[in-house]
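Asks: Sequence and predicted structure below; questions after.
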Amino acid sequence: MFPTVSHFIEYLFGVQVPLPFNTFGVFVALAFIAGYWAFTQEFKRKEALGLLHPIKKMVTIGKPATTAELASNAIFGFLIGYKLVYALLNYKLFVSDAQTVLLSLKGNILGGLFFAGLFAYWDHKEKNAHKLPKPKTVEVTQHPYELMGTLIVWAAVWGFLGAKIFDNLEHWDSFVKDPIGSLLSFSGLTFYGGLICGGAAVLIIARRNGIKPLHMLDIGGPGMMLAYSVGRIGCHMSGDGDWGIANLNPKPFNWLPDWLWAYTYPNNVANEGDPIAGCVGKFCNELPLPVYPTPIYEVIVAFILFLILWRLRHLIKSPGTMFGIYLMMNGTERFFVELIRVNTKYDVAGIQFTQAELISLLLFLSGLALVFYSQKNKTKLATY
């Protein structure tokens, strides 16, 4: 396993390069990039088909930087400098435990003040370069795909919060023992929490900019499936604890690699299992029994489902159908992988189930209802 990017570089080239990046975080970033690409393509395609339309906005140009703008840039710059300079001055600590460095209150005051002044000056100079003797209001055209920057930021913020909330609800005992640590930790993220909260934020912003909910949902289906596939690579490569139950069964095919059938996740980032003999460092555990590598199964299945959705988008005409199919595919995939995945189980009236099983079932039924609604109202939605 490769808990950090440095471990991966050392594995490939035999050289230890101390970098403060964990593997899971890098793949989360790549997942957002993949989603950004797919969303943008769909925005442009739907605009070309006349389903989405650019909007006109009135903006004032030629104004100098206001006091509020200078202050906000200075505050942002201070936070950047406060942490960045401290991290560089304590680089060994930053590399070994970047999360603690970033989330602690420790920082460098002089670094913060320098960057505060730099950011404020930068904003002042930029605004002055375009300042007019008399500011004027002009009309600009904003294409739907130009919203992607705003959408991705809000999806990331609310998606992270939702993923943390749902994860802590799923692991309530751990949360009660250390609520602050559980909330601030970058590990332990529940996909469905991110999907629900991040998706809600995207829908609100899209609606405010003239994009109807069903079109926005359809745009998001393929992109979210692709992002999920890419993100799960990070789960597998880092060994974040999102693996399956013990698998002691013989391989069904000799050509199947061991790591694709049953794996012990050595050097996993979750530090789960037994110590590895002779290993020195922070990540020196591996599971006592091999388990189903469920993250890599989800990588493969989710990517196949993305390709299917990417093909179907040209064939589906009624708004809502695409997202309904996405929900059904996502719910089915996650429900079945839960059967061989380690997870907290709830017990209600003698029926045991996991949080993900419950939500995936609800998503499947919601998707089925959305497809039924979309097809039944195809004529009415033709002018949606």
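Replies: All right, it came through fine.

Asks: for the chain, what helix or strand is lowest in average pLDDT?
Replies: When the helices and strands of the chain are scored by mean pLDDT, DSSP states H and E, helix 179-184 comes last with a mean of 58.

Asks: quick one: buried residues of the helix or strand following that helix?
Replies: Counting by DSSP states H and E, the next helix or strand C-terminal to helix 179-184 is helix 191-208. Neighbour-count burial for helix 191-208, counted by 16 or more other Cβ atoms under 10 Å, picks out 191-199, 201-203, 205-206. The way it works is simple: take the backbone N, C-alpha and C, and place the C-beta from them, glycine included.

Asks: What average pLDDT does whatever helix or strand comes next after helix 191-208 get?
Replies: Following helix 191-208 in sequence order, the next helix or strand is helix 213-238 (DSSP H and E). Taken as a whole, helix 213-238 has an average pLDDT of 95.

Asks: Report the distance from helix 213-238 to the chain centre.
Replies: Relative to its parent chain, helix 213-238 has a centroid offset of 8 Å by Cα atoms, centre = their mean, to the nearest Å.

Asks: counting contacts, what elements does it pack onto?
Replies: Packing partners of helix 213-238 (3 or more Cβ pairs under 8 Å, 6 or more residues apart in numbering; DSSP states H and E): helix 23-48, helix 191-208, helix 294-312, helix 321-337.

Asks: Direction-wise, compare that helix with helix 321-337 and give the angle.
Replies: 30 degrees (axes from the mean of the first three to the mean of the last three Cα atoms, to 10 degrees).

Asks: Begin at 58 from now on, thanks
Replies: Okay, using 58 as the starting number, the last item reads as helix 270-295.

Asks: tell me the angle of helix 270-295 relative to helix 351-369?
Replies: Here helix 270-295 runs at 150 degrees with respect to helix 351-369, directions being taken by the same axes, to 10 degrees.

Asks: tell me which residues in whichever helix or strand comes after helix 270-295 are buried?
Replies: Using DSSP H and E, the helix or strand that follows helix 270-295 in sequence is helix 315-318. Residues of helix 315-318 classed as buried: residue 318 (neighbour count, 16+ other Cβ under 10 Å).

Asks: for helix 315-318, what is the average pLDDT?
Replies: Computed over helix 315-318, the average pLDDT equals 92.

Asks: tell me what whichever helix or strand comes after that helix is packed against?
Replies: The first helix or strand that comes after helix 315-318 along the chain, using DSSP H and E, is strand 331-332. Counting contacts by 3+ Cβ pairs under 8 Å, 6+ apart, strand 331-332 is packed against strand 342-343.

Asks: what mean pLDDT would you report for the strand it packs on?
Replies: For strand 342-343, the mean pLDDT works out to 96.

Asks: Show me what that strand is in contact with.
Replies: With Cβ atoms under 8 Å, 6 or more residues apart in numbering as the test, strand 342-343 has contacts from 321-325, 328-333.

Asks: so how far is residue 360 from residue 209?
Replies: Using Cβ to Cβ, to the nearest Å, we find residue 209 at a distance of 21 Å from residue 360.

Asks: Also residue 395?
Replies: Computed as Cβ to Cβ, the residue 395 to residue 360 distance reads 19 Å.

Asks: Who has more neighbours out of the two?
Replies: A side-by-side neighbour count of residue 395 and residue 360, using other Cβ atoms under 10 Å, places residue 395 first with 20 against 17.

Asks: can you pull the contacts of that one?
Replies: Contacts for residue 395 were tallied using Cβ under 8 Å, 6+ apart; they are 411, 413-414, 417.

Asks: Also residue 437?
Replies: With contacts defined as Cβ under 8 Å, 6+ apart, residue 437 has no neighbours.

Asks: Quick one: classify it as helix, strand or coil.
Replies: Three-state call for residue 437 (DSSP: H, G, I helix; E, B strand; the rest coil): helix.
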